[in-house]
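Novice: Structure, please.
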Amino acid sequence: VGTLTGDVVIFKMGADGQLLECARTNQGSKAISCLQYAPTGLLLAAASEDMLMRVLLPDEEHRTVGVCKGHLSPICSIDWTDDGEYMQTSDTALELIFWSMKTRIEKPHGALPEFVAYSKPMLLYKRQWASFTTPLGWPWHGIYTPGSEAVGLNAVDRFILDRGSKKALGVSADASGLVKLFPYPNQAGTTGMQVRKFEAHSAGVSKVR
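Specialist: So this is what the prediction gives:
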């Protein structure tokens, strides 16, 4: 759980079904905007509203092993590849950055090592992503009408129906309260795609899963 004071709090389920706090680590004075474990369980990414993303090692102390610097606005989504080697993050200013967990630059004087932004994202097109919650990725291009931007599109997610055939559904939520369900991926230029729309919220939907 990320707190407004910059803490990352780890809980576990007790024998009686109650949540027990097992670790707490501070990641600065700003609120934690999002958290995401790597699918391997070996790393935890914690993004803060100070525009930094720390990478933690999920041990007893949840030590910070590196930091990702590059965003100029608060990070709002984190996705890992299945193997936990790469991440993609997007922020509220609609910037998308890819990160390599295989390249880390050591810093002097006890400063945290920095993970490097990956400069060749086209080489990742064959990678399988454990999640795809950034609205800026290629699978979501068909959501937008020609000339529109991602402004107002608050959240997206996908659900894989069959990993063998790669059949999946995508869902989106926007600032008007509209939720859409459609085949995934929804790429630009796709015709005849069925889209179901759901209107129930009286205000913008901030998250969808």
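Novice: Apart from its chain neighbours, what residue comes closest to the spatially most central residue of the chain?
Specialist: Centroid check for the chain by CA atoms, centre = their mean gives residue 78 as the closest residue, at 1.8 Å. Take residue 78 and drop its neighbours on the chain: the residue closest to it by CB to CB, 6 or more residues apart in numbering is residue 36, 3.9 Å away. For every residue, glycine as well, the C-beta is placed using N, CA and C.
Novice: Ramachandran angles for the one you found?
Specialist: The phi and psi values for residue 36, taken as degrees, to the nearest 10, are phi -160, psi 120.
Novice: ok so, going back, so what's the residue nearest to the centre of the chain bridging to?
Specialist: As for beta bridges, residue 78 partners with residue 89 under DSSP bridges.
Novice: sorry, back to before: contact partners for the residue nearest to residue 78?
Specialist: Going by CB atoms under 8 Å, 6 or more residues apart in numbering, residue 36 touches 44, 45, 78, 79, 80, 131.
Novice: Test my guess that the third one contacts residue 34.
Specialist: Translated: residue 78. Yes - with contact defined as CB atoms under 8 Å, residue 78 reaches residue 34; the gap is 5.5 Å.
Novice: Can you work out which residues contact both of the two?
Specialist: Taking CB under 8 Å, 6+ apart as the contact rule, the neighbours common to residue 78 and residue 34 are residue 47.
Novice: Enumerate every residue touching the residue nearest to the centre of the chain.
Specialist: Taking CB under 8 Å, 6+ apart, one finds 34, 35, 36, 45, 47, 53, 87, 88, 89, 133 in contact with residue 78.
Novice: what do you get for residue 31?
Specialist: Neighbours of residue 31 in contact, by CB under 8 Å, 6+ apart: 2, 3, 4, 5, 6, 48, 49.
Novice: Only whichever of those are buried, select them in PyMOL.
Specialist: Restricted to buried positions by 16 or more other CB atoms under 10 Å, the PyMOL selection for the contacts of residue 31 reads:
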select buried, resi 2+6+48+49
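Novice: of all the contacts of residue 31, which comes closest to residue 74?
Specialist: Checking the contacts of residue 31 against residue 74 by CB to CB gives residue 49 as the nearest, at 4.5 Å.
Novice: Once you drop chain neighbours, what's closest to that closest one?
Specialist: Closest residue to residue 49 apart from its sequence neighbours, by CB to CB, 6+ apart: residue 30 at 4.1 Å.
Novice: and residue 142, that one's in a strand?
Specialist: No - counting by DSSP: H, G, I helix; E, B strand; the rest coil, one finds residue 142 to be helix, located in no strand.
Novice: The spatially closest residue to it that is not a sequence neighbour: what secondary structure?
Specialist: Of all residues not flanking residue 142 in the chain, residue 186 sits nearest, at 3.7 Å (CB to CB, 6+ apart). Under three-state DSSP, the three-state class of residue 186 is coil.
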